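>>> got a predicted structure here, sequence first:
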2 protein chains.
Amino acid sequence: MNVLIVHAHNEPQSFCASMKNVAIQELEAQGHEVVVSDLYAMNWNPVASAADFGNRDNPEYLTYALEQRLNHKSGTLAADIQTELNKLLKADLVIFSFPIYWFSVPAILKGWFDRVLVSGACYGGMRFYDKGGLAGKKAMLAVTIGGQPHMLAENGIHGALNDMLKPVLRGTLAYTGMSVLPPFVAYHVPYIKPEARTAIMDDFKNCLNNLDALEPLKFVSMADFDEKLNPRH
Amino acid sequence: MNVLIVHAHNEPQSFCASMKNVAIQELEAQGHEVVVSDLYAMNWNPVASAADFGNRDNPEYLTYALEQRLNHKSGTLAADIQTELNKLLKADLVIFSFPIYWFSVPAILKGWFDRVLVSGACYGGMRFYDKGGLAGKKAMLAVTIGGQPHMLAENGIHGALNDMLKPVLRGTLAYTGMSVLPPFVAYHVPYIKPEARTAIMDDFKNCLNNLDALEPLKFVSMADFDEKLNPRH
């Protein structure tokens, strides 16, 4: 497989960064090609703007997604976007490695979604969810979080973590057609002892060595909706 | 009231920007003080990093929230963060004006959450949800989205919009203690006729003139959880 790891942590010694390093090791040991986009190290620009386009359908008025479509077609996307898009299109599996900030991705990674998941390439028109442009690829989150599992359970104070992550899991990754594997979550990371960290890392290695056994999360199918996107039943 | 509008759109002529301008007019006409943070115009930096701190508890290893706490206490947060935090702390009502990107906020606004909602000032320890540091303030989203209402309904293809916005509404705004008013949503904006836009703007004006009548969304209360954050019943 071609694997892309998109990593977004501002501390290179963090547990999250160690998880990313372990993922590289384990996946390369399995014979996969691994490419890493370390967004902080790359000084990635997360801000979607007019500067992203070498060409403009409407130079007077910016509609970001429309200009994405045009500039993808004409090969005039900004170089940093095109580089990331090429990595993404080549990947069979994409791992997003990040600490949960405000029950979501850090801004630097949100800006990777905003800029790299280009309309016309990754989705567009009626091409989304199981008809999305990235159908056939797998995606997985590998995250660290300060909270404990009981705080992120169905009846917990924050509700289920996968519910909080719905705009990412369903609204972003599944939307583009990717099969979304269950997230690997390292809980309570800033507060736990080294032995507990070792146990989490062992679980993560085990997960990485059994990716094929993971059942993707279930989301909607376009077949259940008509051409106006009303539910068929 | 003191009102802060945090606006995040990359096209100054957009409908979203017009909504922001209408909000300024209507709220000033009501006698409120309105301050605007126009994130694109300010060239706001959304990336949470070590550069945000003039002082370090641990100069060798960055734990972002811990350094926020220390630097808030010692008054050594980066100037751009401190300026925004001062605006936020002075506000009685905060309106977030933005186009929905990937069922969430654009990265430039996510980075306002990441950097300005400072641990120690806005939340921290057991001070969150109804005990949060921003209790007593109101927050409202005023958003534009390409989709139509039936696509963002409970049985719609994306599910309910407020479910998708849960990490923002509950996990961010309510988490810091703010009373979260129902979002004002302008649907299908890129595709509708001028008359339909006028009707939406009239609805928005009406909403702005009846803010007191809006019932805040209901979320959890700390009273329902014990000191280990297990549910009491």
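Everything's here; your move.
>>> which secondary structure state does residue A:95 sit in?
Using DSSP: H, G, I helix; E, B strand; the rest coil, the structure places residue A:95 in strand.
>>> ok, residue A:134 to chain B distance?
14 Å (Cβ to the nearest Cβ, to the nearest Å). For every residue, glycine as well, the C-beta is placed using N, CA and C.
>>> go ahead and confirm that residue touches residue A:124.
No - judged on Cβ atoms under 8 Å, residue A:134 makes no contact with residue A:124 at a distance of 11.6 Å.
>>> neighbour count winner among those two?
Neighbours were counted for residue A:134 and for residue A:124 using other Cβ atoms under 10 Å in any protein chain shown; residue A:134 has more, 24 against 16.
>>> contacts only, for residue A:36.
Applying Cβ atoms under 8 Å, 6 or more residues apart in numbering or on different chains to residue A:36 gives the contacts A:4-5, A:7, A:20, A:24.
>>> element containing it?
Assigned by DSSP states H and E, residue A:36 falls within strand A:33-38.
>>> on the strand side of things, show who the most centrally placed residue in chain A bridges to.
By Cα atoms, centre = their mean, chain A has its centre lying nearest to residue A:96, at 4.8 Å. Under DSSP bridges, the beta-bridge partners of residue A:96 are residue A:6, residue A:141.
>>> picking that back up, out of the contacts of residue A:36, which is nearest to residue B:195?
Using Cβ to Cβ, residue A:4 comes nearest to residue B:195 of the contacts of residue A:36, at 45.9 Å.
>>> burial check on the closest one, number of neighbours?
22.
>>> I'd guessed residue A:191 sits against residue A:146; true?
Yes - shown here, residue A:191 and residue A:146 form a contact pair, counting by Cβ under 8 Å, at 7.3 Å.
>>> and those two? Which one has more around it.
For residue A:191 and residue A:146, the more surrounded residue by other Cβ under 10 Å is residue A:146, and the numbers stand at 14 against 10.
>>> just the pLDDT at the more buried one, thanks.
On pLDDT, residue A:146 comes in at 95.
>>> that one contacts residue A:190, correct?
Yes - Residue A:146 is within contact range of residue A:190, at 5.6 Å (criterion: Cβ under 8 Å).
>>> how about the residue sitting furthest away from the middle of chain A: what's its closest non-neighbour residue?
For chain A, the largest distance from the centre (Cα atoms, centre = their mean) belongs to residue A:60, which lies 32.3 Å off. Closest residue in space to residue A:60, ignoring its immediate chain neighbours: residue B:13 at 8.0 Å, by Cβ to Cβ, 6 or more residues apart in numbering or on different chains.
>>> what do you get for residue A:140?
residue A:181 (4.1 Å).
>>> equivalent analysis for residue A:120, please.
Per Cβ to Cβ, 6+ apart, closest to residue A:120 is residue A:69, 3.8 Å.
>>> element containing that neighbour?
helix A:64-74.
>>> out of the contacts of residue A:36, the closest to residue B:108 would be?
Comparing the contacts of residue A:36 against residue B:108 with Cβ to Cβ places residue A:7 closest, at 20.9 Å.
>>> can you give me the helices for chain A?
For chain A, the helices defined by DSSP state H cover A:15-29, A:64-74, A:79-90, A:107-116, A:161-164, A:166-168, A:194-208.
>>> kindly reformat those helices as CSV containing distance to residue A:214, mean pLDDT and mean neighbour count.
Supplementary listing: the helices of chain A in CSV, determined by distance: least, Cβ to Cβ, whole Å; pLDDT from 0 to 100; neighbours: other Cβ atoms under 10 Å in any protein chain shown:
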stretch, distance to residue A:214, mean pLDDT, mean neighbour count
helix A:15-29, 14, 98, 18
helix A:64-74, 31, 97, 18
helix A:79-90, 20, 98, 16
helix A:107-116, 22, 98, 26
helix A:161-164, 14, 97, 20
helix A:166-168, 17, 98, 26
helix A:194-208, 8, 97, 14
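>>> for stretch A:113-133, list every residue counted as buried.
Of the residues in stretch A:113-133, A:113-124, A:127-129, A:132-133 count as buried by neighbour count, 16 or more other Cβ atoms under 10 Å in any protein chain shown.
>>> about what we covered before: relative to chain B, which of the contacts of residue A:36 is nearest.
Closest approach to chain B among the contacts of residue A:36 (Cβ to the nearest Cβ): residue A:7, at 14.2 Å.
>>> count the neighbours of the closest one for me.
Residue A:7 is flanked by 25 other residues according to other Cβ under 10 Å.
>>> my guess is it contacts residue A:34, does it?
No - the criterion here is Cβ under 8 Å, and residue A:7 misses it with residue A:34 at 11.4 Å.
>>> so what touches stretch A:221-228?
Contacting residues not belonging to stretch A:221-228 are listed as A:126, A:128-131, A:231-233, B:150, B:157 [Cβ under 8 Å, 6+ apart].
>>> which of those residues scores worst on pLDDT?
Lowest confidence among the contacts of stretch A:221-228: residue A:233, with 77.
>>> I'd like the distance between that residue and residue A:223.
Using Cβ to Cβ, to the nearest Å, we find residue A:233 at a distance of 11 Å from residue A:223.
>>> which non-adjacent residue is nearest residue A:188?
residue A:148 (5.0 Å).
>>> show me what contacts that neighbour?
If a contact means Cβ under 8 Å, 6+ apart, then residue A:148 has A:187-188, B:229 as its contacts.
>>> again, but for residue A:52
Residue A:52 makes contacts with A:64, A:67-68, A:71, A:77-78, A:81, A:115, as judged by Cβ under 8 Å, 6+ apart.
>>> one more: residue A:149?
Counting by Cβ under 8 Å, 6+ apart, residue A:149 touches residue A:187.
>>> same question, residue A:157
Residue A:157 touches A:151, B:129, B:220, B:222, B:225, B:229, B:231, counting by Cβ under 8 Å, 6+ apart.
>>> look up the closest residue to residue A:156, ignoring the ones flanking it.
Per Cβ to Cβ, 6+ apart, closest to residue A:156 is residue A:150, 5.5 Å.
>>> please name the residues that touch residue A:106.
Contact partners of residue A:106, counting by Cβ under 8 Å, 6+ apart, are A:8-10, A:98-99, B:48, B:110, B:114.
>>> mind running it again at 10 Å?
Taking Cβ atoms under 10 Å, 6 or more residues apart in numbering or on different chains as the criterion, residue A:106 is in contact with A:8-10, A:39-40, A:46, A:98-100, A:112, B:46-48, B:64, B:107, B:110-111, B:114.
>>> just residue A:41 next, same as before
By Cβ under 10 Å, 6+ apart, the contact list for residue A:41 reads A:7, A:9, A:12, A:17.
>>> still on that earlier bit, neighbours of the residue nearest to residue A:156, how many?
For residue A:150, the neighbour count with other Cβ under 10 Å is 15.
>>> tell me the contacts of it?
Counting by Cβ under 10 Å, 6+ apart, residue A:150 touches A:156-157, A:187, B:225, B:228-231.
>>> and with 8 Å instead?
Residue A:150 neighbours (Cβ under 8 Å, 6+ apart): A:156, B:229-230.
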